[in-house]
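1. Give me the fold of what follows.
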Amino acid sequence: MLVTLCFYIFLILLVFYSSKKGMGLLIVLTWWGILNVITYFSLSGLFLISNETQLVYLLFFTFFAISFLLAEKLLHFIQFKKTNLNVTVSLYRFLSNLTLFVLLPIQILFTIRAIYLISFVMTPSYYRSDVFGLMTGTSTLFFNSILVAKAHAFIIGPLQFVIFFAGFSFFINRKKKGLLVLGTILIVLDALMMFGRFGYHYLILSLLFYFLLSGRIGNFQKKKKVILSTLVLITILLFTVLKVTNNRGDSNLIKIFKTYVITYHTESFIIFDTELKNPNSILHEYTYGLSTFGGVERYLIPIINQLGFKLVSQTDIVGGYLHQNFLIGYDEHLKPLLFNAYGSNFFTMYRDGGLIAVSIFGILFGLFFSFYSESLKSKDPIDFAIFYGFLFILIYGVFQPTVLGPMLPALFILYLLKLILKAYAKLIH
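-> Down below sits the predicted model:
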């Protein structure tokens, strides 16, 4: 444990004194460092990870941090051209209209249906399983239609993150609140629909990130107002999370703390360790990039299968595998702790080629994160939105392989929108 703690402290100090745009990297290193060190205390009865597994984490973050710093020092001449005002105004207007007239009505419809189903048709615990198609293979929320469920996951899922990331960016860099409000509403509606807690988690951390990334809080009076407002919002969000948890059947506060604060934030370390030791795990079936880019690859699979192939996306393969129950420890009564669906980005990275793939992706993440961290200084709203998306992928990669979900496609959409709007601006001028 001492070696791991010293490792993260060394990297954090190195970045703190060596980088002028390293706030995002500091957040990532601090987040993973704290959770990694907590695993050594087994506070909720989880198994301890092996030294071999710990080396995988140290290897990735070494390449990640060094790549970030080298890119900043040696490749500073490679800079993204700042988006002109006309493009940013067009993007803001386009995303606002898209949300108001397309995304919001659709999400409101499904949310009303979700509330009806939970209130009158099925219990909350049954609904939670049914909404992911675990009971019958289809979801009642999506009218038992696989096509509707896939359309929602493929289109609405990424777009709501596009709106949220862009809204947060415009709020920090242009002081425009409208798109952030719309993005927040979409996240909350999705949390209600899926009867989950991650949406509220996104909002709580975003409030913290606002203080760390904005640097705009000036006089003390304004600071007091912002802090007070933030505390009120966090209290409301925490109460909502607690209410959802109680509705799922958990009411013991100590159990809630151990399960949702400790276990849920650290179990991916144990699952990864368990699978590394399991010679029959799909973790050792190398996919050479397809797993880590699974969030994009799943869009290509239906097209490829139209040519006569019968391929399955890595999102479905890895997601299905991680949904089995894993023995990750024993509680104080020696009752087995069986949890599922909590892998991490390390699962997909390692599956793409072992330690070599982990090292390569550490370098790539470091390079791209360094490039887009430039937006902390340039205040370019589109580049900052992509930076914030990268931050979310890295932060929430401790809970699940976020590269398999809607966040990664959201970054591609943001980048494509920037290219299209820049081309359109040149065309009309």
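2. going forward, measure contacts and count neighbours with C-alpha atoms only.
-> Noted.
3. What about Arg174, how many residues nearby?
-> By other CA atoms under 10 Å, the residues close to Arg174 number 14.
4. Packing partners of whichever strand or helix holds Ala423?
-> Assigned by DSSP states H and E, Ala423 belongs to helix 407-428. Secondary-structure packing of helix 407-428 (3 or more CA pairs under 8 Å, 6 or more residues apart in numbering; DSSP states H and E): helix 85-98, helix 157-174, helix 294-305, helix 381-396.
5. List of residues touching the longest one?
-> With CA atoms under 8 Å, 6 or more residues apart in numbering as the test, helix 157-174 has contacts from 95, 99, 103, 176-184, 186-187, 210, 214, 379-382, 384-386, 388-389, 406-411, 413-414.
6. Buried residues of it, list them for me.
-> By 16 or more other CA atoms under 10 Å, the buried positions in helix 157-174 come out as 157-173.
7. and what of stretch 127-138?
-> Across stretch 127-138, burial judged by 16+ other CA under 10 Å covers 127-128, 130-133, 138.
8. try stretch 289-305
-> In stretch 289-305, counting by 16+ other CA under 10 Å, buried: 289-298, 301.
9. Sketch out the low-pLDDT regions of the stretch 51-200 of the chain for me.
-> Within the stretch 51-200 of the chain, the stretches with pLDDT under 70 are 76-86.
10. can you do 80?
-> Within the stretch 51-200 of the chain, the segments meeting pLDDT under 80 span 75-87, 134-135, 137, 197.
11. roughly how far out does stretch 176-185 sit from the chain middle?
-> 19 Å (CA atoms, centre = their mean, to the nearest Å).
12. And stretch 163-174, by the same measure?
-> 17 Å.
13. go on, stretch 92-101?
-> That offset, for stretch 92-101, works out to 23 Å (CA atoms, centre = their mean).
14. Contacts for that stretch next, please.
-> Stretch 92-101 is contacted from outside by 163, 178-179, 182, using CA under 8 Å, 6+ apart.
15. Would you map the helices across the stretch 1-150 of the chain?
-> When assigned using DSSP state H, counting those that start in this stretch, the helices of the stretch 1-150 of the chain occupy the ranges 2-18, 23-38, 51-74, 85-98, 104-116, 124-130, 146-151.
16. right, and these - which one's nearest Leu421?
-> helix 85-98 (5.8 Å; CA to CA).
17. buried set for the closest one?
-> Residues 87-88, 91-92, 95-96 are the ones in helix 85-98 that count as buried (16+ other CA under 10 Å).
18. quick revisit: CA atoms only for the helix holding Ala423 - export them in PDB, please.
-> This file holds the C-alpha atoms of helix 407-428, laid out as PDB (Å, rounded to 0.1, in the frame of the first residue of the first chain):
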ATOM      1  CA  MET A 407     -19.600   8.800 -23.900                       C
ATOM      2  CA  LEU A 408     -17.000   7.800 -26.500                       C
ATOM      3  CA  PRO A 409     -19.400   8.300 -29.400                       C
ATOM      4  CA  ALA A 410     -20.400  11.600 -27.900                       C
ATOM      5  CA  LEU A 411     -16.800  12.800 -28.300                       C
ATOM      6  CA  PHE A 412     -16.800  11.800 -32.000                       C
ATOM      7  CA  ILE A 413     -20.100  13.600 -32.500                       C
ATOM      8  CA  LEU A 414     -18.700  16.800 -30.900                       C
ATOM      9  CA  TYR A 415     -15.600  16.600 -33.100                       C
ATOM     10  CA  LEU A 416     -17.700  16.000 -36.300                       C
ATOM     11  CA  LEU A 417     -20.000  18.900 -35.400                       C
ATOM     12  CA  LYS A 418     -17.000  21.200 -35.100                       C
ATOM     13  CA  LEU A 419     -15.700  20.100 -38.500                       C
ATOM     14  CA  ILE A 420     -19.200  20.500 -40.200                       C
ATOM     15  CA  LEU A 421     -19.800  23.900 -38.700                       C
ATOM     16  CA  LYS A 422     -16.400  25.100 -39.600                       C
ATOM     17  CA  ALA A 423     -16.900  24.000 -43.200                       C
ATOM     18  CA  TYR A 424     -20.300  25.600 -43.200                       C
ATOM     19  CA  ALA A 425     -18.900  28.900 -41.900                       C
ATOM     20  CA  LYS A 426     -16.300  28.900 -44.700                       C
ATOM     21  CA  LEU A 427     -19.000  28.200 -47.200                       C
ATOM     22  CA  ILE A 428     -21.300  31.100 -46.300                       C
END
